[in-house]
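In: Need the 3D shape of this:
(one chain, ligands or ions: 1)
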Amino acid sequence: MFIKENNIIHSYNPANKELLGSIPVTTDDEIENIVKKCKDAFKIWSKLSYEERGNCLKKLATILENNSNDLAILMTKEMGRPLTESLPEVSKSIKFIRSFADKAEQMLSDFIINEIPEKDIKIVCEPYGVVALIKPWNMPLQTPIWSMAPALMAGNAIAFKPSENSLLVAKELEKIISQCDFLPKGLIGFIYGDKEQGIALLNNDINMVSFTGSMKAGKEIAKQVADRFIKTSLELGGKDPMIVLDDANIDFAAMAAVWGSTTNCGQFCSSIERVYVQDTIFDKFVDKAKEFCEKIKVGNGIDKTTEMGPVVNENQFKKVIEQIEDAIQNGAKIITGGGAYTEGELANGWFIQPTVIVNLTNDMKIVQEETFGPIVRILKFHSIDEAIELANDSEYGLGSSVITQNEEIAKYIASKLDTGMVWINEPLLSNEYCPWIARKNSGIGYELGELGIKEFVKLKIINSQFSSNDILRKWWYPYK
Ligand code: NAD
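Out: Predicted coordinates:
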């Protein structure tokens, strides 16, 4: 969590509200200078071969690896994610860097069009220049790396504005990158601050925007750069549904729903935010979800046995509590959890009990608005088509999950779900080779995989002919 005061941002531990550090916000002049340095670095970096760029990124990955523990501890302290999750976040980020370092050349190789024999036609990929990377806090290392690694491999320079809620993690990353004298100076610039500094960055001469964050901010950013036709990739919020059919193993399905709804305290764009369960297994499913939720070990994430930490800050805490209260006022029933901790150590931080809530209708705030909290919302359906209709009744379209052993029905449901990603018996999966795709108000553009790296290049078609150039083309003047 953070407090901004006189152009200084103070960062606090959401588990106990202890002050962790303070960072001055980057001034407008400094931002301009950072972008200028990025432009200079781009001239050098973009001329390197993929192999040379890849070698630099692999060296960076090794340095990050040597700093894994410190980075993970800082992440846990600053945004509450337990060490049991932040350590794998660091290693996964390193894996992403190595994978793009190895695969970029193949992914961005020239595309040859050979259907016209006398022509030599190819589509080539060229970097944009300076990419403004504006990122959230909920995976403070992995989300920036998802974009940084492919953007750099594609030959771009980066002006990175991390979230105001994870500035210290970003500062540590900057410290590590500043030791990398094998990278051109200024290749990755860091801009500290909140929305104000994000806006200031976009007012500079940048060539592309890679934004991950809320739908509201995504729309504001798209408007801000629209006049300049700047390429914009927007990865926004979600309200992912999970559909559970009655042939599913109840333990598997309930744990998939509970874990998918509460891991990282429910603060993933792809967290399960609605669970639709077939009527015939509804009661059994709710009992199991209650049992699993009550076993989650909630606490300060620095303790290696903790499974769930606090939400990131007071605003997030209030938003989750308000949504729960609104649901109760409208007839919802709490099965377990349902609010904050009022006693003991957990009362000192922004902790919310893992909650199972039922008697919900699709129009309630808690079922429609992105929550970002540890809530398992369970709704009943009677037919497959009803489940699909309920799942699609959302302004978001990021991911969705189906739990069933019936392959044919799973494929039918997957074909009808209006989301960019569908996971069958595997909620929330992200992998460096699988593109991350959004629909509706969840965004525009791709991350990861070949589609992801292609976001960071301009395409150019080169159409050439080196034969018969002493004969005028028959479609030129004079027309016959
Ligand atoms: P946010 O939109 O409040 O902020 C994200 C970043 O944008 C921050 O760095 C912030 O300072 C900056 N910012 C905010 N408004 C801006 C503006 N008008 N102009 C320029 N910069 C601006 O989001 P958050 O609270 O940091 O993150 C949570 C959100 O991110 C959730 O909605 C979550 O679903 C989403 N998210 C999406 C994905 C995805 O892949 N789709 C991944 C992670 C998080």
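
In: ok so residue 408 is a helix residue?
Out: Yes: membership of residue 408 in a helix is supported by DSSP: H, G, I helix; E, B strand; the rest coil.

In: now it: how far from residue 241?
Out: Residue 408 sits 20 Å away from residue 241 when distances are taken as CB to CB, to the nearest Å. Using the backbone N, CA and C atoms, a C-beta is placed for each residue, glycine as well.

In: Neighbour count: those two, which is higher?
Out: Remark: of residue 408 and residue 241, residue 241 carries more neighbours, 27 against 8, as counted by other CB atoms under 10 Å.

In: what does the protein put close to the ligand?
Out: Taking CB under 6 Å from any ligand atom as the criterion, the chain approaches the ligand at residues 134-138, 143, 161, 163-164, 194-195, 198-199, 202, 212-214, 217, 220-221, 235-238, 269, 370, 398, 436, 438, 442-443.

In: Turn the buried ones among those into a named PyMOL selection, would you?
Out: Provided next is the PyMOL selection string for whichever of those are buried by 16 or more other CB atoms under 10 Å:
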select buried, resi 134+135+136+137+138+143+161+163+164+194+198+202+212+213+217+220+221+235+236+237+238+269+370+398+436+438+442+443
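
In: Now go through the residues of the chain next to the ligand and say which are in strands.
Out: Applying DSSP state E to the residues of the chain next to the ligand, the entries found in strands are 134, 161, 212, 235, 436, 443.

In: residue contacts, the first one?
Out: Residues touching residue 134, when contacts are defined by CB atoms under 8 Å, 6 or more residues apart in numbering, comprise 161, 198, 201-202, 209-213, 221.

In: Kindly state the beta-bridge partners for it.
Out: Beta-bridge partners for residue 134, by DSSP bridges, are residue 161, residue 211.

In: got it, and the fourth one?
Out: Applying DSSP bridges to residue 235 gives these bridge partners: residue 212, residue 443.

In: what does the worst-scoring helix or strand of the chain on mean pLDDT contact?
Out: Counting by mean pLDDT, DSSP states H and E, the weakest-scoring helix or strand in the chain turns out to be strand 2-5, with a mean of 90. Residues from elsewhere that reach strand 2-5 (CB under 8 Å, 6+ apart): 9-12, 25, 164-165, 167, 193-194, 313.

In: Try it again at 6 Å.
Out: 9-11, 164-165 (CB atoms under 6 Å, 6 or more residues apart in numbering).

In: next one: stretch 416-423
Out: Against stretch 416-423 from outside (CB under 6 Å, 6+ apart): 388, 392, 397, 399-401, 414, 429, 437-439.

In: now with 7 Å?
Out: 388, 391-392, 397-402, 414, 429, 437-440, 442 (CB atoms under 7 Å, 6 or more residues apart in numbering).

In: now swap in stretch 186-206 and tell me
Out: Applying CB under 7 Å, 6+ apart, the set of residues contacting stretch 186-206 from outside is 4, 9, 23, 25-26, 28, 31-32, 34-35, 37-38, 40-41, 45, 130, 132, 134, 157-161, 164, 167, 170, 174, 177, 209, 221, 224-225, 230.

In: Go through it and flag the buried ones.
Out: Within stretch 186-206, the residues scored as buried using 16+ other CB under 10 Å are 186-194, 197-198, 200-202, 204, 206.

In: do stretch 334-354 as well
Out: Across stretch 334-354, burial judged by 16+ other CB under 10 Å covers 334-338, 340-341, 346, 349-354.

In: farthest-separated two in those residues?
Out: Of all pairs drawn from the buried residues of stretch 334-354, the greatest distance, 24.0 Å, lies between 335 and 349 (CB to CB).

In: other SSEs contacting the lengthiest helix in the chain?
Out: The longest helix of the chain (DSSP state H) is helix 83-107. Helix 83-107 is packed against helix 50-66, helix 68-79, helix 142-153, helix 449-454, with contacts defined by 3 or more CB pairs under 7 Å, 6 or more residues apart in numbering; DSSP states H and E.

In: mind redoing it with 6 Å?
Out: The elements that helix 83-107 packs onto, with contact taken as 3 or more CB pairs under 6 Å, 6 or more residues apart in numbering; DSSP states H and E, are helix 50-66, helix 68-79, helix 142-153.

In: next structured bit after it?
Out: The helix or strand immediately downstream of helix 83-107 is strand 111-113, counting by DSSP states H and E.

In: same for that next one, what does it pack against?
Out: Contacts defined by 3+ CB pairs under 6 Å, 6+ apart place strand 111-113 against strand 120-127.

In: Could you list the buried residues of stretch 100-115?
Out: Judged by neighbour count using 16+ other CB under 10 Å, the buried positions of stretch 100-115 are 100-101, 103-104, 107-108.

In: Which pair of those spans the longest distance?
Out: Farthest apart among the buried residues of stretch 100-115 by CB to CB are 101 and 108. That separation is 12.6 Å.

In: what pairs with residue 460 across the strands?
Out: On the basis of DSSP bridges, residue 460 is bridged to residue 124.

In: Just the closest of the buried residues of stretch 334-354 to the ligand, please.
Out: Minimum distance to the ligand across the buried residues of stretch 334-354 is 14.0 Å, recorded for residue 350 (CB to the nearest ligand atom).

In: Taking this protein, what residue is nearest to the ligand?
Out: Residue nearest to the ligand within the chain (CB to the nearest ligand atom): residue 198, separated by 2.2 Å.

In: That residue and residue 204: what is the separation?
Out: Taking CB to CB, one finds residue 198 at 11 Å from residue 204.

In: go on, residue 480?
Out: As defined by CB to CB, residue 480 lies at a distance of 54 Å from residue 204.

In: just for the protein, where's the confidence low?
Out: For the chain, no stretch is flagged by pLDDT under 70.

In: Let me see the domain layout of it.
Out: Following automatic domain parsing, the chain resolves into domains at 2-236+442-463, 240-424.

In: The last one: end-to-end distance?
Out: Domain 240-424 has an end-to-end distance of 13 Å (CA to CA, to the nearest Å).

In: can you give me the strands in the stretch 251-400 of the chain?
Out: Taking DSSP state E, counting those that start in this stretch as the test, the strands found in the stretch 251-400 of the chain are 272-278, 333-336, 355-358, 375-381, 396-397, 399-403.

In: Listing partners with orientation, what would you give for the last one?
Out: Partner strands for strand 399-403, per DSSP bridges, with pairing direction: strand 240-244 (parallel), strand 421-424 (parallel).

In: most neighbours per residue, which of the ones you listed?
Out: The highest average neighbour count among these, using mean count of other CB atoms under 10 Å, belongs to strand 240-244 at a mean of 27.

In: and residue 350, what are its phi and psi?
Out: Main-chain torsions, residue 350, degrees, to the nearest 10: phi -90, psi 60.

In: before we move on, back to that, how about the strands of the stretch 251-400 of the chain in JSON lines, adding distance to residue 152?
Out: Below are the strands of the stretch 251-400 of the chain laid out as JSON lines (distance: least, CB to CB, whole Å):
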{"stretch": "strand 272-278", "distance to residue 152": "33"}
{"stretch": "strand 333-336", "distance to residue 152": "45"}
{"stretch": "strand 355-358", "distance to residue 152": "41"}
{"stretch": "strand 375-381", "distance to residue 152": "37"}
{"stretch": "strand 396-397", "distance to residue 152": "29"}
{"stretch": "strand 399-403", "distance to residue 152": "27"}
